[in-house]
Structure formats: C-alpha cells, structure tokens
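Q: Whatever this is, show me its structure:
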Amino acid sequence: MAGATWSAPAQVGAAVSWLDDRLAAAGATRTGPVAPPRLRAWGMVLGAPTTRGPVWLKVPAPQTAFEVALYELLAAVAPGGVLEPIAVDVSRGFVLLPDGGTALRDDDFAGLAAALARYGELQRALASHVDTLLGFGLADMRPPAMPARFDEALAVAERIATASDRAALDRIAGLRPRFGEWCARLAASPVPASIDHNDLHPGNIFASGTVYDWGDSVVAHPFASMLMALGFLGFRHGLGPGDPVVTRLRDAYLEPFTDLAPPAELAGEVEVACRVAKVARALVWERAVRLEPGDFARAPLETLLALDAGWLTLGP
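A: Numbering: from 1, shown residues only. Sure, this is the predicted structure:
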C-alpha cells in the first residue's frame, strides 16, 4: 500500500467511521477532529482526542498487516504488559490504540534495563506461540532458515551496490560458511525461538517500559533483538561491547532466560545472535525501502556490510 492509497477522502472517511464506532463500543467519544493522517508507504496513522485521552488508529501496509493480529495476541499473552488495543479488525487491517505517553529517554539506562527485562519475559511467553506468529505473516528468521536468508540478503545487496562496494561485498560473500556455523550454534541453543521486534530502541519504548511499533517484527532467536537494543548505544553514546553500561543492560535482559543456561553461555549466544540478526535486519530494511527508498536506500547493503564488524556494529 503506497501512501497515496490512503489519500482518498472516502478511504480515510471509512477509517474515521470505524474509529468512532469502536470508541462508542468502548464507552468513549471523540472530543475534537481527527488529525490529518500520517501517510507513509508502510501504512497510515490517524490520531484523535477522546473522552479517554488521545487514541491512534493504525492501518499497516499489506506487507506488515500482521501487526494488527499481533497486537491482539500480545495483549492476550501479556495483559497489562503491552499497549492493549481498544479495538482490532484483522479483516480490515485496523488497530485502535490508546496513547502510551512519551518515549523512553535514550540516556535513561535504568529505565531501559527494566524495559529489556520485561521484554525478555514477553519473549519467553510468546515462545509457545511461534506457529501462530508465523501464521500471522511474520517472516521466519529462525536459525535453520538463516543460511538461505543470507543468500537472499546478498542478492538484495548486489542490486544496491555500486562498483566501489564490490570488494566489501565479495568479502561478505566469503563469510557464508562461517555464517552457517553461527546459525548451527543458535539452532542448538536451549533458548527457544520467539518474536524479535527488530527495531527495539528507546524510540520504540514508552517511558513506562512498554514496547510499541511492532511492524518490523520477525520470528527468530530471541537474542537477535539485542542488535538494535544494545547497538544504538554505539552510535548515540559511543558505548561498545565491554562497556559496563552495555554489560548491565545485556544482563538485565538475560535475567528471564537464566533458567535455561549459565549466564556466560547466554552472553555468548547474544553475540552470535546479534551477528546473525544483521542479515534479518538487512531484509527488514529492504522491505521498507522497496516501498519508500528515501534517505535509507542503501540501508540493506550497509547493514549486511557490517556482518564482519563487531557484533553490535549496525553499519560500516
């Protein structure tokens, strides 16, 4: 769905009508006009003031329509721990959400530690719902699938690359055997596959610790989520592996998994999972830029080129 698809007044009107009907069913009403829609290639968002506070109607594009059903599952599996929808219409691709407040400050490391631990608990709860997640349409980025995904990401990078990228891309192609070893290690992990938000950084976490904006989600080794959650510390704060802040956040996240393996083993798996996650992240980027390239047209290539850099390095 291109952004222009939602520019038709009749289509926006249908969404507003549904919003008003669902508010009424929830015992609320609008107290002002609906704000002009935020239109992007990957969906539309409408905001409105109501008697229960601001609300947001999200209409994802077909490629990420799974987010609607996902919100419903998240609320069922972790009641009170996620942004619970006011209403969901999977057939129409509508989800009506309450306002979650302000985003977590990116220097609120204590708040981030608490949010990551809570997120890990959610991943544990969702591990038994993997087949449902895949049925919704989340991409399969579990370790056994990742060698084939490597080839897919390499083909995407080839289409984007220029002559000056050739040597770097050849170097990455040569990593395929090693990449297969990383995947095999994760496939043998005692940690079961679950959801990977795939864009887990403070901008997608409310100050309350609630994670939102699940449209990039995939099914993967859960520790893949730490590529973004810890990787942002590098480009925002200059913090890398071994920094006490990074270690503290990693350990807070791992706490819900400590019944599965010794802490040192889990920490090692975080590093491997983050390396493998770069391929998944490259493909998620490709899905977005295929619809709307903008300033991020090279993001799939640059993400893949970081494969042989440090485990938390997000780009060259």
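Q: so where do the strands sit in this protein?
A: In the chain, the segments counted as strands under DSSP state E are 38-40, 43-48, 55-60, 87-89, 94-98, 139-141, 194-196, 218-220.
Q: Residue 208 touches residue 99, doesn't it?
A: No. The pair residue 208 and residue 99 does not pass the contact test of C-beta atoms under 8 Å, sitting 11.2 Å apart. Glycine gets a C-beta too; all of them are placed from N, C-alpha and C.
Q: State the distance from the residue nearest to residue 173 when sequence neighbours are not counted to residue 47.
A: Nearest residue to residue 173, sequence neighbours excluded (C-beta to C-beta, 6 or more residues apart in numbering): residue 154, at 6.0 Å. Between residue 154 and residue 47 the computed distance is 40 Å (C-beta to C-beta, to the nearest Å).
Q: So those two - more neighbours on which side?
A: Taking other C-beta atoms under 10 Å, residue 154 and residue 47 do not tie; residue 154 has more neighbours (19 against 16).
Q: What residues does that one make contact with?
A: By C-beta atoms under 8 Å, 6 or more residues apart in numbering, the contact list for residue 154 reads 169, 172, 173, 304.
Q: now with 10 Å?
A: 161, 169, 172, 173, 175, 176, 279, 282, 304, 307 (C-beta atoms under 10 Å, 6 or more residues apart in numbering).
Q: Model confidence score at it, please.
A: Note on residue 154: pLDDT of 98.
Q: domains for this structure, by residue range?
A: Taking automatic domain parsing as the reference, the chain has its domains at 3-98, 109-305.
Q: Least confident of those, on average?
A: domain 3-98 (a mean of 90).
Q: any idea how far that domain is from the chain center?
A: 19 Å (C-alpha atoms, centre = their mean, to the nearest Å).
Q: Ok, stretch 289-303 next?
A: For stretch 289-303 - counting by C-alpha atoms, centre = their mean - the centre lies 16 Å from the chain centre.
Q: Please work out which residues outside that stretch touch it.
A: Counting by C-beta under 10 Å, 6+ apart, 1-3, 40-43, 61, 63-64, 153, 156-162, 165, 168-169, 172, 227, 277-288, 305, 313-316 sit against stretch 289-303.
Q: thought residue 87 was touching residue 94?
A: Yes. Taking contacts as C-beta atoms under 10 Å, residue 87 lies within contact range of residue 94: 7.6 Å.
Q: quick revisit: just the buried residues of the contacts of stretch 289-303.
A: Neighbour counting by 16 or more other C-beta atoms under 10 Å classes 1, 3, 40-43, 61, 63-64, 153, 156-157, 160-161, 165, 168-169, 172, 227, 277-288, 305, 313-315 among the contacts of stretch 289-303 as buried.
Q: if I look at residue 292, how far off is residue 93?
A: 18 Å.
Q: Which one of those two is surrounded by more residues?
A: Of the pair residue 292 and residue 93, residue 93 is the one with more neighbours under other C-beta under 10 Å, namely 22 against 14.
Q: dump the residue contacts of the more buried one.
A: Contacts here follow C-beta under 10 Å, 6+ apart; on that basis residue 93 touches 1, 15, 43-44, 58-62, 64-69.
Q: Out of the strands of the chain, which one sits most buried?
A: Most buried of the strands of the chain, by mean neighbour count (mean count of other C-beta atoms under 10 Å): strand 194-196, with a mean of 27.
Q: follow-up on the earlier one: dump the strands of the chain to JSON lines, plus distance to residue 272.
A: Shown next, in JSON lines, are these (distance: least, C-beta to C-beta, whole Å):
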{"stretch": "strand 38-40", "distance to residue 272": "33"}
{"stretch": "strand 43-48", "distance to residue 272": "33"}
{"stretch": "strand 55-60", "distance to residue 272": "31"}
{"stretch": "strand 87-89", "distance to residue 272": "36"}
{"stretch": "strand 94-98", "distance to residue 272": "34"}
{"stretch": "strand 139-141", "distance to residue 272": "14"}
{"stretch": "strand 194-196", "distance to residue 272": "14"}
{"stretch": "strand 218-220", "distance to residue 272": "12"}
